[in-house]
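Asker: Turn this into a structure:
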Amino acid sequence: MTNVIRSEVMADKAISVRLDAEAQRALAFLLRDGRSQSEAIRSALIAASRAARYDRMEADAKRLGDDPEDRALIAELHEFFGEV
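Answerer: The predicted structure follows:
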């Protein structure tokens, strides 16, 4: 069974979302604390966006940390500023 939820993401923009069984269970769980569907969906979108940004920042930091040229530049800057 697929539910269609219409919720307002922005005051002037309504969206429709088709939920599969897993998404329906996730939404039901989020509604247990008394939030409305709109509140639960908005907070889930914000949390997912924040997690994706942190994942991207973590990957960028790892990539930079693994780059020998970047590590050499950082070491030079530490030495220049006396932060060895």
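
Asker: going on from the helix or strand bottoming out on mean pLDDT in the chain, what's the next piece of helix or strand?
Answerer: Taking mean pLDDT, DSSP states H and E as the measure, the helices and strands of the chain show their lowest mean at strand 3-10, namely a mean of 56. Tracing the chain past strand 3-10, the next element assigned as helix or strand by DSSP states H and E is strand 13-19.

Asker: Show me what that following strand pairs with in its sheet, parallel or antiparallel.
Answerer: The partner list of strand 13-19 in its sheet, established with DSSP bridges, is strand 3-10 (antiparallel).

Asker: Show me which positions of the longest helix along the chain end up buried.
Answerer: For the chain, the helix that runs over the most residues, judged by DSSP state H, is helix 37-65. Judged by neighbour count using 16 or more other CB atoms under 10 Å, the buried positions of helix 37-65 are 40-41. (Glycine included, C-beta is placed from N, CA and C.)

Asker: so after that helix, what's the next helix or strand?
Answerer: Next in sequence after helix 37-65, counting helices and strands by DSSP H and E, comes helix 68-80.

Asker: and the angle for that next one with helix 37-65?
Answerer: Between helix 68-80 and helix 37-65, the angle comes out at 80 degrees (axes from the mean of the first three to the mean of the last three CA atoms, to 10 degrees).
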